[in-house]
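Engineer: task: produce atomic coordinates for the following.
(2 chains)
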Number of protein chains: 2
Amino acid sequence: MIKYSVIGKATRNIDGVAKVTGEARYTFDMTLPGMLYGKLLRSPHPHARIISIDTSEAERLPGVKVVITGKDTPGGKYGPWRRFPELMDEEVLATTKIRFIGDAVAAVAATHEDIAKKALELIKVKYELLPAVFNPVEAAKDDAPQIHDGVENNINITRHIEWGDVDKAFKIADYVREDRYELTSQSHVPLEVHDALASFDKSNGRLTVWTSTQSPYYVQLGLADALKMREGDIRVIKPHVGGAFGGKISTYPEQICAALLSMKTGKPVKIVLNREEEFAVTRRRTPMYVATKIGAKKDGTIVAKEVKVISDGGAYTALGSTALYLMGTYSNFPYKIPNYRFDGCRVYTNNNPSSAMRGFGGPQAVYISETQIDRLAHDIGIDPIVIRRKNGMTPHYVVPGQATIESCGLHECIDKVEQKVKKWGKLPKYQGVGMVCYGFMCGGIFNWINTPYAFSGAMVRVNVDGTVDLFIQASDIGQGSNTALAMICAEELGISLMDIRLHVADTGITPVDLGAWGSRQTFMTGNAVKAAAAEIKRKLMDVARIKLGENIVYDLEAKNGRIYLALRPERGYSYYSIVKDAIKYNDGEALIGTGHYTPHGKGMVSPAFTFGAQAVKVEVDIETGRVKLLDIVTAHDCGQVINPPAVRGQVEGATHMAAGYGLTEELISEDGLVLNASLAYYKILRYRDMPHITTLEVHTHEPEGPFGAKEAGEGLTTPTAAAIANAVYHAVGVEINSNPLTAERVFKALKKNRAT
Amino acid sequence: MIKYSVIGKATRNIDGVAKVTGEARYTFDMTLPGMLYGKLLRSPHPHARIISIDTSEAERLPGVKVVITGKDTPGGKYGPWRRFPELMDEEVLATTKIRFIGDAVAAVAATHEDIAKKALELIKVKYELLPAVFNPVEAAKDDAPQIHDGVENNINITRHIEWGDVDKAFKIADYVREDRYELTSQSHVPLEVHDALASFDKSNGRLTVWTSTQSPYYVQLGLADALKMREGDIRVIKPHVGGAFGGKISTYPEQICAALLSMKTGKPVKIVLNREEEFAVTRRRTPMYVATKIGAKKDGTIVAKEVKVISDGGAYTALGSTALYLMGTYSNFPYKIPNYRFDGCRVYTNNNPSSAMRGFGGPQAVYISETQIDRLAHDIGIDPIVIRRKNGMTPHYVVPGQATIESCGLHECIDKVEQKVKKWGKLPKYQGVGMVCYGFMCGGIFNWINTPYAFSGAMVRVNVDGTVDLFIQASDIGQGSNTALAMICAEELGISLMDIRLHVADTGITPVDLGAWGSRQTFMTGNAVKAAAAEIKRKLMDVARIKLGENIVYDLEAKNGRIYLALRPERGYSYYSIVKDAIKYNDGEALIGTGHYTPHGKGMVSPAFTFGAQAVKVEVDIETGRVKLLDIVTAHDCGQVINPPAVRGQVEGATHMAAGYGLTEELISEDGLVLNASLAYYKILRYRDMPHITTLEVHTHEPEGPFGAKEAGEGLTTPTAAAIANAVYHAVGVEINSNPLTAERVFKALKKNRAT
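Structural biologist: Numbers count the residues shown, from 1 in each chain, chains lettered A, B, ... in the order given. Coordinates of the predicted model:
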């Protein structure tokens, strides 16, 4: 293994002290002089036509500065799919039609939050109610109400993936199994709700927006589209973010309305959603109806697989189409399936829109695939681990027409988890262990936003005292990317983390980066940072070589604050002295290096993939159906670990979220109305519900990643629900085809089992 | 003349709306969560030894968070003269000795400003009083009290300039005249007093300071020295600045103490001086005792000049040595004097330190030189304009061993002013016109701060929509440099000012720049900005040339948002489309250009010089001695005008300040105590005291300046006091050898004249 000085060493999160001392400032905390408070009025109906809006009484309320409706917006539609404008289907404020309960119809800015709330009550909206549809299968029928003009059968988008000859392969399979699933919705539940503070400068027509986001750049583009302004006149700044989980990727009405209200009033305007809005009107994980069929030989070799999905898109496209596509991708992971077919269909309904959520199609895919494999193994009579080993991906595998895999530690992950599981020994009655395997991307090769920029960028400035200003637009949303990226910069320059000063996530001063989604920050921005630092390192080495009087054939190294001859480390200079000389050599300019990264030659999904195996031990209370988590063990191949405690933190956080998807979390709605839009009724696992989580290290090196690193962000949210379902299956023998495995669902399954 | 699209056109100051609407934020206005208020305890004695300081009672006062004294500082001395450490003679808080009334001995941070004030009263300092000296001539005597250890005769610094054979030339002169002057002090009187807000982050040992300064970089270095921290761990940000005028060049105790108090308390700390402190303990214009001798031929040709100066340095070096040196430089301006000798001696006294002030030695030099020339003309019997024309500098003149002058519009300035003065016709009794000529530098070739960086830097980033982020550390302190520099950037790229977004005066994100002093921003940073933009323009032209299919021999132009063949302007592309292509060609990175400027091959003073002539018409009330300003006309050769109304604003503002130096402004002190430390008693000219000011345009092109520009910052503060003195001389025949020409001084001179 390569010896590193900075990366791979346990490092305190550089934002950590600010966060635990309460010094960290979130958008929520911010105020500006003269700031107003904004609120949005939302439709109580799932499908309706707006007849009229009367804002006069609200406008007369003392303290109300402005009330805006759809006619006060620049008009047109916006959305993340700038590459396919027909998919840009959102309105800032509904002008004529309501498509879900929560569509905003008016916005108010007032001197106090309570006044703004009161003003909402005074706005009179007349609606003509329309028949609504909430189930995607129903919505796709010919007689269903049409939600968007020109969209036949409410079909938002279809995705097809296929290779090999699936039908022929099924015919020659020794065994074919079919399963159907209904996967439910999950809410992101960030501790910091969606918020935005906008300040418009009338003197130059420029807008600054602070917002809790995963991608300042996407918000900048979304605002530009919705406000019909140019990007360069909009500056988006991401302060500390209190959680995002896929729910803060794009641009949302509260950001655009804060901007509009600021433009109308000339004052800064802040909008903070309440917890009910956070649950009921922001995005959610995509619910899916799945039919999946697998064909295998007697020895467990998988010969064919087919997956058909109808997803409940809700009212708008959002990024739900990508979740659908990735469901198709991950449904063949992490196995070598020679014949594969995926057909996905995303259908508009009058529910709240489903979109990206941590794992992005992965939890759904792993749920259906890994539970089916255990059942298949049972049917054939083989140990499920044997099937997984037999079919598991290996390094250099090419997913036909989809992706090129380079590093792959799947088999080491299986081995390590298996060893650990063996130690658990024979289990008591009603206990069971479920094991699953999974793979995940390291950033998507998706350009839905249609950017001409590189996917990630970085600028490094080295000052005369050797300190480094690192400019990145990568979004640390709690995952620790600021720390990881600073470590990558320090490692490349051979200096200490204390030499790095970060400038982050501000579109005005940092190079464009697509932000935090698809587990891309460490990998993609890491590559950009490494490239930017490498540019400087080359300059420093050129100067050092001159001072050393050596020919260019001799390699230099930069490490531990020194630059020296690789083969004679005693011959060298301190980094600090070389920097001083290099700046003089540079005619007195600080050293600036820029770097960028866009994947090339890696297919259409991701430039690299992580792999992992996880086992969960549960105990089922057969009287009540309650499932208790007893132990979780995970081996995650994230390539070279950058910051070990950060990876452990990601394992634990993701596992908690994934266990919620598997056990308790479900966003329940009836006729489009979310019924459990509160932290009291939406059941997140508590500390006492969580078992000990063991993280096993697996060492691989990804040639495409920075220093060999891959991801540890989202892949870890994909296995746990499936592992729980498998554990319950092995504990009490029930096949449950829906999540979460609440006591009610398990109890019903047990009862049905007993009945049959 | 070259046709420009942006520069030379009347342009609204880009900070103007914010300033006139009150939206502009000054350090004074800023607050941070948990912020404390700091105050400094100052010595009431001019020269004393500190016996003891008891802070215990102050520390017990509720609300007081910390009290610090000299022992709580890192120790050592600091000051702007980092190139000559023996001249770094300031302590943050006096440890053992007081050298002027106002030396700080302790600092307090408390939850409220009033508590901090009260705490100061509770600090008990025991002093041993030492004999003090306030007159530099007395201070230089052998038996004078010694103010700094090891500094014999309190001689702080001596400067000698000489060329030709002065003694021989005086011998062959037809006429020799000697005069002695006593020039008094002037206060900067910024509307925003000195202030600083410091925030220390204990988690990473980094400090951020917002402060009203002319040079964030100098403050960064001064803080690094005084706090024994490295530069890169200190970030200095200049918000809007409410005036500086040379008084905010360096690092001051309030900035360092705010930092120390923040380091001790872990909270942000703001210190704002009060108006009395602003007058009495900040810097001031250098008072000088001058003996000057001039020798001329009968025809008015000057053959020799000698100037001897003793300056009242006050307690510390500050930048007073440069004021002394520039007194020597400007005393031969703007004339070709073949034999010249200057001897200057700066002497420490127990007064408040004299340092830089707008004009930087120039007002003193012009006062003694231009009044003497009028007297010489009278003695010889020649029109003073004839002497000025005969000896006036011309383009390409080399000041021996000092400076190389390229452009010089002096004679055009004289002509234009003369024409205007002629229109005034014959004047009534007791009215008079005084005319003077002057020259001034465009930034100093001085590296007192010992920086390895270029003197100015700029970074330009061009985004895909064509908008430009311009990063400069130049300090707009009200002179309009932000606007001028943005205009230079727009002109070079051939785009609109609305395409430029500025990021300014923040050491964390902008390239090093020495800041606003010596009239250097437009000239030196202008050159850096132009170079940075030119780097981008070359890239754009390369792309445009490929698209046009032309060979490299054909010149392209970038203007009015287009890039086209210079000789066939119809063949071209829009700037915006070329930018899009260029970023794709750049593999998706935004276009980044950097530029810098350090003068070379231009001597030791400045890379270029402005010239001007000014006439002032006055009326003297011979009963009271009161002088009334009737009219002022100025022709200032500032090379290519960048922004015409900004130049007019500079003429008017500088003239007002210079008229104050000539008529009413004097910082009066007795035994080291400033007696008029208030806006009520320090007499600034009011609106109704000012006459109409006419600005006459003179067109020159300076090859070394950006687009031919020179300065319009400080040169204009140099003529007016001398012009007033000459006008009074011509009106009522009195020679007054001191400024300002208060009614009292003029009355006494009139009385003396009548008596003789």
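Engineer: name the nearest residue to A:His692, ignoring sequence neighbours.
Structural biologist: A:Asp631 (6.2 Å; Cβ to Cβ, 6 or more residues apart in numbering or on different chains). Every residue, glycine included, has its C-beta placed from N, CA and C.
Engineer: which helices and strands sit right next to whichever strand or helix holds the one you found?
Structural biologist: Element membership for A:Asp631 (DSSP states H and E) is strand A:627-637. Identification of packing neighbours for strand A:627-637 by 3 or more Cβ pairs under 8 Å, 6 or more residues apart in numbering or on different chains; DSSP states H and E yields helix A:410-424, strand A:609-620, helix A:644-663, strand A:692-697, helix A:720-732.
Engineer: centre of the chain to the longest one, how far?
Structural biologist: Relative to its parent chain, helix A:644-663 has a centroid offset of 13 Å by Cα atoms, centre = their mean, to the nearest Å.
Engineer: in its sheet, what does the following helix or strand past that helix sit against?
Structural biologist: Later in the chain than helix A:644-663, the nearest helix or strand by DSSP H and E is strand A:669-670. Strand pairing for strand A:669-670, using DSSP bridges, gives strand A:673-674 (antiparallel).
Engineer: quick one: average confidence on the strand it pairs with?
Structural biologist: Strand A:673-674 shows a mean pLDDT of 97.
Engineer: just the residues contacting that strand, thanks.
Structural biologist: For strand A:673-674, the surrounding residues in contact (Cβ atoms under 8 Å, 6 or more residues apart in numbering or on different chains) are A:Pro46, A:Ile101, A:Phe279, A:Ala280, A:Asn352, A:Leu667, A:Ile668.
Engineer: in which helix or strand would I find A:Lys298?
Structural biologist: Using DSSP H and E, no helix or strand contains A:Lys298.
Engineer: tabulate the helices and strands packed on strand A:627-637 in a markdown table, adding columns for mean neighbour count.
Structural biologist: Formatted as a markdown table, these follow (neighbours: other Cβ atoms under 10 Å in any protein chain shown):
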| stretch | mean neighbour count |
| --- | --- |
| helix A:410-424 | 18 |
| strand A:609-620 | 28 |
| helix A:644-663 | 23 |
| strand A:692-697 | 16 |
| helix A:720-732 | 28 |
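Engineer: mean pLDDT added to the ones you listed, as JSON lines?
Structural biologist: Listed next are these as JSON lines, based on pLDDT from 0 to 100:
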{"stretch": "helix A:410-424", "mean pLDDT": "97"}
{"stretch": "strand A:609-620", "mean pLDDT": "98"}
{"stretch": "helix A:644-663", "mean pLDDT": "97"}
{"stretch": "strand A:692-697", "mean pLDDT": "95"}
{"stretch": "helix A:720-732", "mean pLDDT": "98"}
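Engineer: and of these, who's closest to B:Ile578?
Structural biologist: strand A:609-620 (38.9 Å; Cβ to Cβ).
Engineer: quick check: beta-bridge partners of the residue nearest to A:His692?
Structural biologist: A:Lys617, A:His692.
Engineer: tell me how many other residues crowd it.
Structural biologist: A:Asp631: 18 surrounding residues under other Cβ atoms under 10 Å in any protein chain shown.
Engineer: distance check, it against A:Gly612.
Structural biologist: Applying Cβ to Cβ, to the nearest Å, the value for A:Asp631 to A:Gly612 is 16 Å.
Engineer: can you tell me the element A:Val746 falls in?
Structural biologist: Here A:Val746 is assigned to helix A:743-755, by DSSP H and E.
Engineer: of the contacts of strand A:673-674, closest to B:Val269?
Structural biologist: Taking the contacts of strand A:673-674 together and measuring to B:Val269 by Cβ to Cβ, the closest member is A:Phe279, at 42.1 Å.
Engineer: quick one: secondary structure of that closest one?
Structural biologist: helix (DSSP: H, G, I helix; E, B strand; the rest coil).
Engineer: mind checking the backbone torsions on the closest residue to it other than its chain neighbours?
Structural biologist: The shortest distance from A:Phe279 to any non-neighbouring residue, by Cβ to Cβ, 6+ apart, is to A:Ala677 (3.7 Å). Geometry field for A:Ala677 lists phi and psi as phi -80, psi 50, criterion degrees, to the nearest 10.
Engineer: and for A:Val151, the neighbour number?
Structural biologist: Neighbour tally, A:Val151, other Cβ under 10 Å: 15.
Engineer: for the one 10 residues further on, same thing?
Structural biologist: Applying other Cβ under 10 Å, we find 20 residues neighbouring A:Ile161.
Engineer: so which strand or helix has it?
Structural biologist: Counting by DSSP H and E, A:Ile161 is found in strand A:155-163.
Engineer: who are the packing partners of that strand?
Structural biologist: helix A:320-330, strand A:340-348.
Engineer: what about the residue of the stretch 501-650 of chain A found nearest chain B, is that helix, strand or coil?
Structural biologist: Of all residues in the stretch 501-650 of chain A, A:Gly588 sits closest to chain B, at 3.3 Å by Cβ to the nearest Cβ. Secondary structure, three-state DSSP: A:Gly588 is coil.
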